[in-house]
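Student: with the input below, show me the fold.
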Amino acid sequence: MAKLTMSKVTIVGHKSSRKGVLETLQRRGAMEIETASLPEGYSLPDTSGQIQFFDSSAAEGRQALEILNGVAPIKQSVLASFKGRRELSVDAFHERLADIKKTNAAVGDINALKKQMNDCAAEVARLTLQLAETEPWLSLDIPMAHRGTKDMAVFTGALPYSADEQEILTRLAQTAPEVNLFDLEIVSQGREQTCIAAFCHRAQVAEFETALRGIGFTVPTHLSMRTARLRAKSLNERKMALEMEIPLLESLIKTLAPHREDIELLVDYYSMRSDKYEKISRLAVGKNVFAISGYIPAKY
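Tutor: Model prediction:
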């Protein structure tokens, strides 16, 4: 690897000229700026706030571009993808940035629409899980949150194993032989779970509940005052509405695809602004004068 001889350079100028000097050096890309030493009466500007703002804005733009490229990718040949981006003159670059507010608005809309899509997808997943939890209870004709009447308590829940009615009655009898004022119904039975509805006279409700817990009975997380069938219908309707909303949101993102090139320029602009303010933080600034120190190739 070839080594290039470098020369140290210090540029001193009037404070009012630092912007133009920095921008020229930035465009030329020939000078590696270092943090300047501080003579008496000079200080390093604190530009951390500006750098954070421009970095954050550039990141939002890149996120919008990533979303666009996923939802509405550019259709081009393999060879065209190696051409890179079209070069612009400084004047043309700033002319394209004239409507920066409009481009920023497009970035915000793209990111917001994608967030809505993600939120919808997450809610669909949540509803799908709730539907799966509700499915074993579809044959139950009373609400799962129903707790009975004045004289009778109702328990709806699951046992963590497969069992028929006689096996459950046997387990209860072994756990609490004195409890006899109850009845139960198997709502559904799987290989690893048995869902039941149990009914007990309130005179023995405490003992019966203890017996149920003793054989592994647990109450479902989601209880509703509607029957499982009505709850499943409501969940399905919400899920279908969200599944229809997702492609509509995606189509709205596609309508913003014409802003892609302007967003690319906006990201470049914010990145350059961040770099500029990072370089400003290395300058030695006095009351009227600034100083820039760095290195350039000796051939210059």
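
Student: gap between the closest residue to residue 187 other than its chain neighbours and residue 158?
Tutor: Of all residues not flanking residue 187 in the chain, residue 195 sits nearest, at 4.3 Å (Cβ to Cβ, 6 or more residues apart in numbering). For every residue, glycine as well, the C-beta is placed using N, CA and C. Residue 195 is 5 Å from residue 158, where distance means Cβ to Cβ, to the nearest Å.

Student: for residue 214, same thing?
Tutor: Look at residue 214 and residue 158: by Cβ to Cβ, they are 15 Å apart.

Student: cool, and residue 36?
Tutor: Residue 36 is 72 Å from residue 158, by Cβ to Cβ.

Student: show me where this structure has its helices.
Tutor: Assigned by DSSP state H, the chain shows helices spanning 18-28, 48-71, 90-96, 100-134, 165-175, 205-214, 228-254, 260-280.

Student: contacting residues around stretch 142-154?
Tutor: Here stretch 142-154 makes contact (Cβ atoms under 8 Å, 6 or more residues apart in numbering) with 137, 156, 197-202, 205, 208-209, 220, 223-228.

Student: flag the shaky bits of this protein, pLDDT-wise.
Tutor: 1-2, 76-98, 299-300 (pLDDT under 70).

Student: list the contacts for the residue of it positioned farthest from its centre?
Tutor: What lies farthest from the middle of the chain is residue 178; by Cα atoms, centre = their mean that is 55.4 Å. Neighbouring residues of residue 178 by Cβ under 8 Å, 6+ apart: residue 207.

Student: change the start of the numbering to 697 and stick with it
Tutor: All right, first residue 697 from here; so that's residue 874.

Student: burial measure for residue 916, as a count.
Tutor: Each residue near residue 916 was counted by other Cβ atoms under 10 Å, and the total is 17.

Student: could I get the phi/psi values of it?
Tutor: Main-chain dihedrals, residue 916, degrees, to the nearest 10: phi -60, psi 150.

Student: got a list of what it touches?
Tutor: Per Cβ under 8 Å, 6+ apart, neighbours of residue 916: 829, 833, 840, 852, 853, 854.

Student: in TSV: the residues you listed, plus neighbour count.
Tutor: TSV is the format used below for these (neighbours: other Cβ atoms under 10 Å):
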residue	neighbour count
829	16
833	22
840	23
852	23
853	19
854	20
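
Student: in strands only, show me those residues.
Tutor: By the criterion of DSSP state E, membership of those in strands covers 852, 853, 854.

Student: how about the residues you listed in TSV, adding distance to residue 808?
Tutor: Compiled in TSV, these are given as follows (distance: Cβ to Cβ, whole Å):
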residue	distance to residue 808
852	42
853	42
854	41
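
Student: closest to residue 706 among those?
Tutor: residue 854 (78.2 Å; Cβ to Cβ).

Student: the closest one reaches residue 894, doesn't it?
Tutor: No - contact criterion Cβ atoms under 8 Å: residue 854 and residue 894 do not qualify, at 11.4 Å.

Student: overlap in contacts, those two.
Tutor: By Cβ under 8 Å, 6+ apart, no residue touches both residue 854 and residue 894.

Student: OK, contacts around residue 886?
Tutor: The contact partners of residue 886, taken as Cβ under 8 Å, 6+ apart, are 832, 858.

Student: could you do residue 930 as well?
Tutor: Residue 930 neighbours (Cβ under 8 Å, 6+ apart): residue 922.

Student: how close does it get to residue 898?
Tutor: 32 Å.

Student: repeat for residue 875
Tutor: Using Cβ to Cβ, one obtains 12 Å as the distance from residue 875 to residue 898.

Student: out of the two, which sits in the busier spot?
Tutor: Using other Cβ under 10 Å as the criterion, residue 875 and residue 898 rank with residue 875 on top: 20 against 14.

Student: for residue 731, give me phi and psi.
Tutor: Per-residue torsions, residue 731: phi -70, psi 120 (degrees, to the nearest 10).

Student: count the residues that sit near it.
Tutor: By the criterion of other Cβ under 10 Å, residue 731 has 13 neighbours.

Student: contacts only, for it.
Tutor: Applying Cβ under 8 Å, 6+ apart, we find residue 731 in contact with 740, 978, 989.

Student: now that we have the residues you listed, which one has the most neighbours?
Tutor: Counting neighbours by other Cβ under 10 Å, residue 989 leads the contacts of residue 731 with 18 neighbours.

Student: return the residues in contact with it.
Tutor: 704, 705, 706, 707, 729, 730, 731, 732, 733, 980.

Student: again, 6 Å this time
Tutor: Counting by Cβ atoms under 6 Å, 6 or more residues apart in numbering, residue 989 makes contact with 706, 730, 732.
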